[in-house]
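Trainee: Any chance you can model this:
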Amino acid sequence: MESRPLRYFVAVAEELNFTRAAERLGISPPPLSRAIRQLEKELGIALFERTTHSVTLTPAGTVLLAESRIALDALQAAGRRAQRAAAPEPKLVLAVKADGDAGLLEPMLARYASELQAVPVAVRLCGWHEQPRLLRLGEADAALVHEPFDRTGLDAETLTAEPRVAAFAATDPLAARDRLTLADLGLRPGDLHRYLDEIRSESRDLAQLLTLVGLGKGSTPLLPASVAARYPRPGLVYRPVPDAPPAVLAIAWPQQSRSTATAALVRVAMAVADAGRGGQAAGREIV
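Mentor: Numbers count the residues shown, from 1 in each chain. Coordinates of the predicted model:
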């Protein structure tokens, strides 16, 4: 199966309209319709239910859409990785959200530099949960990312599981409490990740978020405990929330990766995290 019919199929599946899909692809509707019929003939299945007024995916089409996205991303990623490998000085790209490394980034990079398989590391700072997309597109080789995240096409190892703290303006009545519960914040454990996504949409980064909180504006964020230690601010207080699910940080990389440099970075990340817990590096095989 070639990539072009898959790109055509994805465009129609996402638009659910042949005319809009054709405009998006820069072709006319008739050849697009013929390409989709040929794909259905090749597979021996119907991908769309068509009426004069609507186009909908069949169950088989829904499955193919998910698989096609993965396949097309993989093709695009292969090209990007090949281009980066051909660079005069290849680098390992590590994606990380600014302030989202639980204090591991600097010791990781320092320890990694002494590894035999090490190559220069380019740290790519990115937005909330942008890391998985960068890995799948071949724009990063490894990433530090908080759970939960879309693991499609990725492998990952847990590094830390931190208790959460709530951040308040010092003038907030709840700041007088020594500790809080989710109920104090009007939350249940199952609400947490949706709530965090809503808060992240209110600001570009942690610095902006904490500034808003200190001013008594915006929602109350629930942050990894390391943030309180690393970012004390006048007019801002942090209070533990013991019944909140922990903030879990992982290191992720593409499943198909066979890079010894990436494998060495993963091992180092696990060892640094274990050392931070007072444990011993697990020494698990990565690739």
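
Trainee: Show me where the stretch 51-200 of the chain has its helices.
Mentor: Assigned by DSSP state H, counting those that start in this stretch, the helices in the stretch 51-200 of the chain fall at 59-85, 105-112, 131-136, 192-200.

Trainee: Of the ones you listed, flag the one that's most buried.
Mentor: helix 131-136 (a mean of 22; mean count of other Cβ atoms under 10 Å). In short, each C-beta sits where N, CA and C put it, glycine included.

Trainee: quick one: that one to chain centroid distance?
Mentor: 6 Å (Cα atoms, centre = their mean, to the nearest Å).

Trainee: which residues sit against it?
Mentor: 70, 73-74, 77, 93, 95-97, 124, 126, 140-145, 149-154, 252-254 (Cβ atoms under 8 Å, 6 or more residues apart in numbering).

Trainee: What of stretch 113-126?
Mentor: With Cβ under 8 Å, 6+ apart, stretch 113-126 has contacts from 89-98, 105, 109, 112, 134, 139-140, 260-261, 263-265, 268.

Trainee: Buried members of the residues you listed into ChimeraX, please.
Mentor: Here is the ChimeraX command that selects the buried residues among those (16 or more other Cβ atoms under 10 Å):
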select :92,93,94,95,96,97,105,109,112,134,139,140,261,263,264,265,268
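
Trainee: relative to its centroid, which residue of this structure is most remote?
Mentor: Relative to the C-alpha centroid of the chain, counting by Cα atoms, centre = their mean, residue 52 is the outermost residue, at 39.6 Å.

Trainee: Could you list the buried residues of the helix or strand where residue 212 lies?
Mentor: Using DSSP states H and E, residue 212 falls within helix 206-214. Within helix 206-214, the residues that qualify as buried are 206, 209-214, counting by 16+ other Cβ under 10 Å.

Trainee: which is the next helix or strand following that helix?
Mentor: Using DSSP H and E, the first helix or strand after helix 206-214 is strand 222-224.

Trainee: Sheet partners, orientation included, of that following strand?
Mentor: Applying DSSP bridges, strand 222-224 is found paired with strand 164-169 (antiparallel).

Trainee: quick one: low-confidence ranges for this protein?
Mentor: Within the chain, the stretches with pLDDT under 70 are 204, 278-287.

Trainee: so how far is stretch 135-142 from its chain's centroid?
Mentor: Counting by Cα atoms, centre = their mean, stretch 135-142 comes out at 11 Å from the chain centroid.

Trainee: and what of stretch 17-26?
Mentor: For stretch 17-26, the distance to the chain centre is 29 Å (Cα atoms, centre = their mean).

Trainee: buried ones in it?
Mentor: Here stretch 17-26 shows 18, 21-22, 25 as buried, counting by 16+ other Cβ under 10 Å.

Trainee: hang on, residue 252 in a helix?
Mentor: No: membership of residue 252 in a helix is not supported by DSSP: H, G, I helix; E, B strand; the rest coil, which gives strand.

Trainee: if I pick the closest residue to it other than its chain neighbours, what's in contact with it?
Mentor: Spatially, and ignoring its direct neighbours in sequence, residue 252 is nearest to residue 156 (4.1 Å; Cβ to Cβ, 6 or more residues apart in numbering). The contact partners of residue 156, taken as Cβ under 8 Å, 6+ apart, are 145, 250-253.

Trainee: let's see it at 10 Å
Mentor: When contacts are counted by Cβ atoms under 10 Å, 6 or more residues apart in numbering, residue 156 touches 132, 135, 142-143, 145, 147, 149, 250-253, 255, 266.

Trainee: Equivalent analysis for residue 228, please.
Mentor: Residues near residue 228 by Cβ under 10 Å, 6+ apart: 164-167, 236-240.

Trainee: farthest pair in those residues?
Mentor: The most widely separated members of these, counting by Cβ to Cβ, are 164 and 236 (15.7 Å).

Trainee: neighbour count winner among these two?
Mentor: Between residue 164 and residue 236, counted using other Cβ atoms under 10 Å, residue 164 has the larger neighbour count: 23 against 19.
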